[in-house]
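In: one predicted model, sequence on top.
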Amino acid sequence: MTVLPARRLLLVHAHPDDESINNGATMAKYAAEGAHVTLVTCTLGEEGEVIPAALAHLAADRDDALGPHRIGELAAAMDALGVEDHRFLGGPGRYRDSGMMGAPQNDRPDCFWRADLDEAAGHLVSVVREIRPQVLVAYDTNGGYGHPDHIQAHRVAMRAVELAADPGFRPDLGEPHDIAKVYWNCVPRSAVEEGFARLRAEGRDSLFPGVASVDDIPGVVDDADVTASIDGVPHAAAKAAAMRAHATQIAVDGPFFALSNDLVQPMFLHEHYRLVRGEAGADREDDLFAGVAA
Ligand SMILES: CC(=O)N[C@H]1[C@@H](O[C@@H]2[C@H](O)[C@H](O)[C@@H](O)[C@H](O)[C@H]2O)O[C@H](CO)[C@@H](O)[C@@H]1O
Ligand SMILES: [Zn+2]
């Protein structure tokens with residue numbers, strides 16, 4: 001019987017790369033502090049575009065080998081963050097990347113967007129009842145930016161929070177567990193505006209073919225809606241290394257990056273969260289475990 005650390009954090013993401021973009025510094029911080037950090041990724045990202053020309057053959061409409069390749073990218077990213085516990089929902093390849101909203105891939109019977117909600121949530125309940133986290137991080141109801149896998153990851157995570165605590169649900173999956181605090185990823189508008197001002201001031205808007213806009217940033221909220229902000233500056237190098245590890249999806253340029261759409265955007269080193277379940281430990285928390293664990 002493995003005895004886990006006192007502080008246990010669970011994060012649920014749609015594709016390999018989302019965890020590093022949204023929470024890389026937070027994950028590195030808590031791993032370095034000795035908390036147990038568990039990442040559950042819901043798909044292998046099989047339908048992603050491929051940035052390096054030398055790897056273009058991996059794409060779904062070529063060799064359809066991007067999923068297994070991204071397993072390796074995710075493992076390298078976890079090494080960079082110091083995270084040892086990362087899993088795929090239902091096992092690697094159980095749910096396939098659904099493609100962007102409206103894409104024909106949304107209709108594939110094996111895609112995550114078509115998953116049965118309670119069946120998928122059951123796989124996550126098993127992890128919750130094993131790890132028994134005090135804190136869960138998930139996407140907001142729009143999945144940050146409306147990608148079907150992100151929306152579904154939100155739904156599965158929130159359904160698993162309910163089911164994991166229900167003693168009548170699947171006793172075979174372990175004792176019920178009530179997650180004390182649930183946060184949704186977010187970015188305060190002031191941080192987005194500051195990031196783009198820095199990008200323009202450093203002239204990076206001329207090095208990439210395009211520049212993202214505020215509307216391209218997932219989960220932008222009014223500053224007042226932010227509950228917790230994690231200062232990830234001490235973990236900047238780890239976050240950048242983790243993002244670089246996802247080389248088919250992300251091109252990193254110092255404190256900026258672009259996805260395969262070539263739109264440069266700031267890399268946020270402060271990572272922000274909105275508490276949607278549980279009690280906040282302060283008006284603006286600097287610790288996700290505030291009030292729940294030593
Ligand atoms: C960050 C994220 O969620 N990436 C997803 C997303 O990828 C985007 C998609 O390919 C889009 O067409 C591009 O313009 C954009 O640059 C990409 O970031 O969707 C992919 C397909 O579902 C997914 O694999 C990728 O992880
Ligand atoms: Zn994603």
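Out: Great, that's in hand. Ligands and ions are numbered 1, 2, ... in the order given.

In: can you give me the helices in the stretch 51-200 of the chain?
Out: For the stretch 51-200 of the chain, the helices defined by DSSP state H, counting those that start in this stretch occupy 66-81, 117-131, 148-164, 189-201.

In: same question for the shortest one: list its buried residues.
Out: Judged by neighbour count using 16 or more other Cβ atoms under 10 Å, the buried positions of helix 189-201 are Arg189, Ala191, Val192, Gly195, Phe196, Leu199. C-beta here means a position set from N, CA and C on the backbone, and glycine is covered the same way.

In: what average pLDDT does that helix get?
Out: Mean pLDDT, helix 189-201: 94.

In: tell me which strands and helices that helix is in contact with?
Out: With contacts defined as 3 or more Cβ pairs under 8 Å, 6 or more residues apart in numbering; DSSP states H and E, the packing partners of helix 189-201 are strand 220-221, strand 263-266.

In: among these, which is the most enclosed?
Out: strand 263-266 (a mean of 20; mean count of other Cβ atoms under 10 Å).

In: residues in contact with the helix or strand bottoming out on mean pLDDT in the chain?
Out: Ranked by mean pLDDT, DSSP states H and E, the weakest helix or strand in the chain is strand 210-211, scoring a mean of 90. By Cβ atoms under 8 Å, 6 or more residues apart in numbering, the list of residues contacting strand 210-211 from outside reads Phe196, Leu199, Asp205, Asn261, Asp262, Leu263, Val264, Gln265.

In: stretch 72-83 now?
Out: Contacts for stretch 72-83 (Cβ under 8 Å, 6+ apart): 16-17, 19-20, 24, 27-28, 31-32, 37, 39, 41, 84, 86, 238-239, 241-243, 245-249.

In: among the residues you listed, which are located in strands?
Out: Val37, Leu39, Thr41, His86 (DSSP state E).

In: what bridges to the third one?
Out: As for beta bridges, Thr41 partners with His13, Phe88 under DSSP bridges.

In: what does the protein put close to ligand 1?
Out: Residues of the chain lying close to ligand 1 by Cβ under 6 Å from any ligand atom are 15, 17-18, 45, 47-49, 97, 99-100, 147, 249, 259-261.

In: drop anything exposed from those residues.
Out: Of the residues of the chain next to ligand 1, these count as buried by 16+ other Cβ under 10 Å: His15, Asp17, Asp18, Gly45, Glu47, Gly48, Asp97, Gly99, His147, Gln249, Leu259.

In: state the distance from Gly232 to Ala60.
Out: Per Cβ to Cβ, to the nearest Å, Gly232 is found 33 Å from Ala60.

In: sorry, wrong one. I was asking about Ile151.
Out: Ile151 sits at a distance of 20 Å from Ala60 (criterion: Cβ to Cβ).

In: who has more neighbours, these two?
Out: Ile151 (22 against 19; other Cβ atoms under 10 Å).

In: now that one, nearest residue through space, not along the chain?
Out: Gly143 (4.0 Å; Cβ to Cβ, 6 or more residues apart in numbering).

In: list the contacts of that neighbour.
Out: Ala14, Asp149, His150, Ile151, Gln152, Ala153, His154, Pro218.

In: skip the chain neighbours and tell me the closest residue to the closest residue to ligand 2 within the stretch 1-150 of the chain.
Out: Distances between the stretch 1-150 of the chain and ligand 2 by Cβ to the ion are smallest at His15, namely 3.7 Å. The spatially closest residue to His15, leaving aside those adjacent along the chain, is Gly45, at 4.0 Å (Cβ to Cβ, 6+ apart).

In: so that neighbour, which of the three states?
Out: Counting by DSSP: H, G, I helix; E, B strand; the rest coil, the backbone at Gly45 sits in coil.

In: I figured it was touching Ala65, is that so?
Out: No: assessed by Cβ atoms under 8 Å, Gly45 is found out of contact with Ala65, at 11.8 Å.

In: point me to the residue sitting farthest from the middle of this protein.
Out: Going by Cα atoms, centre = their mean, the residue of the chain most distant from its centre is Gly168, 29.5 Å out.

In: quick one, what contacts Ala60?
Out: Glu46, Glu47, Leu66, Gln105.

In: pick out the most distant pair among the residues you listed.
Out: Leu66 and Gln105 (12.5 Å; Cβ to Cβ).
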